[in-house]
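Generate a structure from the sequence data that follows.
(2 chains)
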Amino acid sequence: MSRVLRTVLAAAILSAAAALPASAQEDPVKALQKRVQEVGRKVSAAFVFFGGGSGILISDDGWVITNHHVIAGSGRGGLEPKLEPVTEVMLQDAKPRKGEIRCTDAVGDIALVKLKPAEGEKFPFIEFADSDKLEVGQYVLAVGAPFGIGAQFDPAPDARHYPSVSLGIVSALHRNQAQYGDCIQTDAAVNPGNSGGPLVDLDGRLAGINGRILTRYGNRVNSGIGFAIPANQIKNFLPRMKEGGVNRRIYHGTVIGLDLSDQSEELPSVVVREVHRNTMAADRGFRQGDVILAVNGHKVLNRSRFAGIVSTWPAESEVNVTVRREDKTLDLKVALESYQQRAITGEVLRPPPRSRGATGATFADETPGKDGPVTVEFVSPLSPAEEGGLSAGDVVLKIDGEAVKNRKTILDRVQSRKPGESVTLRVLREGEERDVKIKLGLLGGNED
Amino acid sequence: MRVTSSLAALALLLWGAAAASAQADDAAILRAFEGGYARAIEKAAAVTVSIKVDRQPEKQPRPASPTGIFGGVFALRPDAPVSGLIVEPDGWIATSYFNIQGEVNGIEVTLPDGAIQTAKLVGWNVGADLALLKVEATGLPTLKSSDPADLRTGDIVLAVGRAPDGRGVTANPGIISAAGRHRGRAVQVDSRLNYGNVGGPLVDLEGHFVGMTSKVSTASADNRGQNSGVGFVLLSSKVAELLPDLKKGAQVRGGEGRPYLGIMGDVNYDAGDGAKVTSTVPGASAERAGVQPGDIIQAVDGAKILNFNDLRGEISKRKIGDTVKVKIRRGADQLEIPVPLGENPGE
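Got it, this is the predicted structure:
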C-alpha cells in the first residue's frame, strides 16, 4: 500500500470516528444516563398530579392533558360518569390548584384541563413529538405517579413532590387495543396511577399519554405491556377540545355502512364486501369490491387497522381514503360520522343487516383455551357494559341463566342477539353475586 | 482512463473503509455499553452472597380475591435461596428483613468465593426492612458507597442478586425513578425486583453501593410477588447508620409507636369514593369495632377520604388511644363506627 493511500485511509477512519458524539466515545452508557437525567428533570417539572392519576402541561399558559378516566372516574353502578367543572391538581410545590375541565374524549381517553397561571406566571411544559416517526426499539420514558407515589405524602428531602420516571422502549406501534385505536405499546413500567401521564422520547417530547396496561390474573401491576395514546391522535383532537367540543365532550369519527373483509387478494389491504344502502359510505361513493389501501396516507393492513386509523380523528373531520377500483386508484373524501353517538351508546340509527350485539367489554379465560372462570378484562367507557354496571375484575358466572364455561359462552350468546336487545350476566364481585343487565350496542373495533 | 479507474477504485476503497469503520464503531459502542454494565456487575458480584433460610412452613396467605382463583400459589414465597451483601470485611452480611422473616431454624450463607458458612442472625429493623447476619470470616471484600447526595433521578443502576444455585449472579438494570422516597431514606427504582434478588446490592455504573433492594411483600393483596417496576432501595447511608445498633443485637419492629386501625386496604381501588378494606387484622381495633372486609371508609372524624392513601395520612395524624369516628359505606348502608386506635405492631 502506498504511503499516500495509507494516510488517506487513516484520515477517513479518523473522520468517521470524529462524527460520533464525543460523549458516546467516552462512555455510551453514561451518555444515555445523562440524557435520561435531563429529560426526567425537564418532564417532571411539567408534570401534574391528579387525585388518582397523572397529567402533563403542554403549554406555558396552563393547558394540561390527562386521561378521561382520571377526571371522570369509571362511572360505576350504571351511571354515566359525571363531568365536574373543575378538578384539583398539584405541581411539584404541592400547592392545591384548580384545573378547569374544558373537554373530554371518553373513547380516546383524553381530557383537556386548563390551569390558570398567576400574574406573569409561565408554566414549564413539554412539546409534542411526531408520533408517526417513532420506531420500535426506541428508548422512551414514562413519567407518572404509580400507586399515587409522590403525590400527597412523602415529599422528597427538598420538600418538593416528584413523579416516578421509568425507562423502556417502544415495543410496538399502531396497536388497536379496545378503544385505543392506534396506540403505542411500551415496556417502560406503567402502573395504576401512571394513567394520564406522559410517555416521552429521549428529547423530552410527548410521544403519547399512558392509559392502559395488560395484566394477568387480575393483578393490577405492570406486566411489561403498557399502552399510550399517540401524540398525533391527540393533536387531531386538540383544536376542537380547546373550543370545548360539544358540551365539553368530543366524539370519534367512523365510517358507517362499510362491511369490510380481510380476504383481499391484494395484501396487505382490506376489501369492501358490501356497502349498506342509505349510509354515508354509499353517499361518499364506496363500492363493493373496492380495495382500501390507505387513510390519509397511512397504509391499511387489515380491518382492525382501518377502524384504528379512522378513530384517530374526531367526528366531522374529513379524511382521504385511497381505494383501488379495478385498475384505477381513487381518493374518496369522507367526512367522518360520530362513533360515540351512533354506535357505542347502543342507539343504532341504521343497523346494518346481520348486525350482532356487543357489550363493549372484553372477557378473559383464566386458562386460555380451557374451561374455567371467566373474568371481565376491560370495560370501555360509555359502553353498554359500563352503563349496565359491569366492572373490570368481575367474574362472570352465568349469562341469561346459562352457566358460563368459558369466554365463548358469553360471546356466542351476545352475538346471537341484536343491538338493542339485552343480556343478563350473573357476576361475582367482592364475594357477592349480582345481576348486571346490559342493553347491547353495536360496536366496531375489536371489543367482544 | 487508467487514472479514472484508479480514482474510482480509491473512492470505492475509501467508502468501504468508512462503512466498515462505521460498523466497527457501532460494535464498539455496543461493547462499551455492555462493558459499562458488566464492570458494575462484576464489582457488585464480589460482595453478593447467597442465603439459604431453613424456616418452618409459612401459613398459606389469605387469598387475594374472594374466589381464591387469583391468590393462591402466586402469593407464596418460593422456597429458594435469597440474596444478601457483605457490608464489613469481618463477616457482617446485610439482607432484607423479609428474607429471614418467620420461624427460622437455621441460616446458611454461601460467600462469593463459594465457601459455605452457618450464619447467626444478629439483629433486625423491620421498618427499614434490614437484617444483619454474622459469619466467621475476615478480609472479605466490600463496596465503596456512593454519596446519596449525588444520586439523581435517571441514574442507571443495577440490582444484583445470587442465582438460586448460588454460583452466578443475577443482574437487573434499571434507573432511579425518584431520588428521594420514604422521607429520604430510600430511592425508587424500575429495576426488576423479585423474590430472590431482594436483599442484594443496588450499584451505580461505577459499581458503587447505592443501597440494598427492599422487600416484595406477601402480605399485600395488591402485589402477589409480581414485580411492578416500582421498587424501593434502602440507601447505603441508612444501612451504615443502622449498622452499629444491629451489631449490638437490636431488634426493632417497624411502625412501633404509630397509630393503627388494623386493616389492609386496596391501594388500587380508585373509584374516588373512599378507601376499600380488603381484610382486617384479627384481634386489632378495627375488627373489634366491627369494620368488615369490603367496607368503603369514606371519612375519618369528618375528614373526607378518597382513597387508601388519604386514610393512611389521616390516621398518621392521630395518636395511639385516640378514638376516631369512621364513616363507612357497606353495600347500600351508611354506618359510623367509633374505632379506638391501637399501636402498629410493626409487621
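
how close does the spatially most central residue of chain B sit to B:Ala289?
The centre of chain B sits closest to B:Ser214, judged by Cα atoms, centre = their mean, with a distance of 2.6 Å. As judged by Cβ to Cβ, to the nearest Å, B:Ser214 and B:Ala289 stand 32 Å apart. C-betas here are computed from N, CA, C, even on glycine.

same deal with A:Thr254?
Taking Cβ to Cβ, one finds A:Thr254 at 54 Å from B:Ala289.

Compare these two (neighbour count), which wins?
The neighbour comparison of A:Thr254 against B:Ala289 (other Cβ atoms under 10 Å in any protein chain shown) goes to A:Thr254, with 25 against 17.

pLDDT score for residue 74?
In the absence of a named chain, chain A is used. pLDDT, A:Ser74: 49.

Oops, wrong one, chain B.
48.

pLDDT below threshold where in chain A?
A:1-26, A:73-82, A:216-219, A:264-267, A:339-355, A:381-382, A:442-448 (pLDDT under 70).

For it, give the helix that spans the most residues.
Across chain A, the longest stretch assigned as helix under DSSP state H is helix A:28-45.

who's in contact with that one?
Applying Cβ atoms under 8 Å, 6 or more residues apart in numbering or on different chains, the contact partners of helix A:28-45 are A:21, A:23-24, A:56, A:92, A:124, A:126, A:139, A:141, A:143, A:162-163, A:165, A:167, A:198, A:200, A:202-204, B:29, B:32-33, B:36-37, B:152-156, B:175, B:205.

Partner strands of the following helix or strand past it, with direction?
For helix A:28-45, the following helix or strand on the C-terminal side (DSSP states H and E) is strand A:47-50. Strand pairing for strand A:47-50, using DSSP bridges, gives strand A:53-57 (antiparallel), strand A:86-90 (antiparallel).

list the buried ones in the last one?
Judged by neighbour count (16 or more other Cβ atoms under 10 Å in any protein chain shown), strand A:86-90 contains these buried residues: A:Thr87, A:Val89, A:Met90.

Nearest to A:Lys437, out of those residues: which one, please.
A:Lys437 lies nearest to A:Thr87 out of the buried residues of strand A:86-90, by Cβ to Cβ, at 31.5 Å.

Work out the gap between the longest helix of chain A and the centre of the chain.
Chain-centre distance of helix A:28-45: 26 Å, with Cα atoms, centre = their mean, to the nearest Å.

what angle separates it from strand A:53-57?
Following axes from the mean of the first three to the mean of the last three Cα atoms, to 10 degrees, one obtains 90 degrees for the angle between helix A:28-45 and strand A:53-57.

who wins for proximity to A:Ser269 among the strands paired with strand A:47-50?
Once the strands paired with strand A:47-50 are compared by Cβ to Cβ, strand A:53-57 is nearest, at 36.6 Å.

Please list all residues in contact with the closest residue to chain A within chain B.
Per Cβ to the nearest Cβ, B:Gly229 is where chain B lies closest to chain A, at 2.2 Å. Taking Cβ under 8 Å, 6+ apart, we find B:Gly229 in contact with A:Pro146, A:Ser166, A:Ala188, A:Ala189, A:Val190, A:Asn191, A:Val221, A:Asn222, B:Asp190, B:Arg192.

Out of the residues you listed, name the ones that lie in strands.
A:Ser166 (DSSP state E).

closest to A:Arg407 among the contacts of B:Gly229?
A:Val221 (23.1 Å).

Find the nearest non-adjacent residue to that closest one, please.
Distances taken as Cβ to Cβ, 6 or more residues apart in numbering or on different chains put B:Ser228 closest to A:Val221, at 3.6 Å, once the chain neighbours are dropped.

correct me, but the one you found touches A:Pro192?
No: look at B:Ser228 against A:Pro192 with Cβ atoms under 8 Å: they stay out of range, at 9.3 Å.

what do the two both touch?
Joint contacts of B:Ser228 and A:Pro192 (Cβ under 8 Å, 6+ apart) are A:Pro146, A:Val221.

angle of the longest strand belonging to chain B against helix A:28-45?
When chain B is parsed with DSSP E, its longest strand is strand B:169-181. Here strand B:169-181 runs at 30 degrees with respect to helix A:28-45, directions being taken by the same axes, to 10 degrees.

in its sheet, what does strand B:169-181 sit against?
Assessed with DSSP bridges, strand B:169-181 is paired to strand B:156-162 (antiparallel), strand B:186-189 (antiparallel).

a markdown table please, covering the strands paired with strand A:47-50 and showing distance to A:Asp394.
As requested, these are exported to a markdown table (distance: least, Cβ to Cβ, whole Å):
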| stretch | distance to A:Asp394 |
| --- | --- |
| strand A:53-57 | 22 |
| strand A:86-90 | 28 |
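
Those residues of the stretch 301-448 of chain A touching chain B, which are they?
A:Glu366, A:Pro373, A:Val395, A:Leu428, A:Glu430, A:Gly431, A:Glu432 (Cβ under 8 Å from any Cβ of the partner chain).

measure the first one to A:Arg220 for me?
A:Glu366 sits 16 Å away from A:Arg220 when distances are taken as Cβ to Cβ.

Ok, the fourth one next?
Summarising the geometry, the distance separating A:Leu428 from A:Arg220, computed by Cβ to Cβ, is 18 Å.

cool, the last one as well?
Using Cβ to Cβ, one obtains 20 Å as the distance from A:Glu432 to A:Arg220.

Same question for A:Gly197.
Computed as Cβ to Cβ, the A:Gly197 to A:Arg220 distance reads 16 Å.

Between these two, tell me which one has more neighbours.
A:Gly197 (32 against 20).

Looks like the more buried one contacts A:Gly55 (just checking).
Yes: assessed by Cβ under 8 Å, A:Gly197 is found in contact with A:Gly55 at 7.0 Å.

which residues do those two both contact?
A:Phe47, A:Thr66.

thinking again about what came up before, per-residue pLDDT, the residue nearest to the centre of chain B?
Value for B:Ser214, per-residue pLDDT: 87.

I'd assumed A:Ile410 was in contact with A:Glu402.
No: counting by Cβ under 8 Å, A:Glu402 does not reach A:Ile410; the two are 9.5 Å apart.

neighbour count winner among the two?
A:Ile410 (23 against 12).

would the more buried one count as being in a helix?
Yes: A:Ile410 forms part of a helix when assessed by DSSP: H, G, I helix; E, B strand; the rest coil.

mind listing what it touches?
A:Phe363, A:Val374, A:Val396, A:Ile399, A:Val404, A:Leu425, A:Asp448.

run the last query once more with 7 Å
A:Ile410 sits next to A:Phe363, A:Val374, A:Val396, A:Ile399, A:Val404 when contact means Cβ atoms under 7 Å, 6 or more residues apart in numbering or on different chains.

Out of the residues you listed, list just those in strands.
Counting by DSSP E, the contacts of A:Ile410 contribute A:Phe363, A:Val374, A:Val396, A:Ile399 to strands.

I am finished for the moment; much appreciated.
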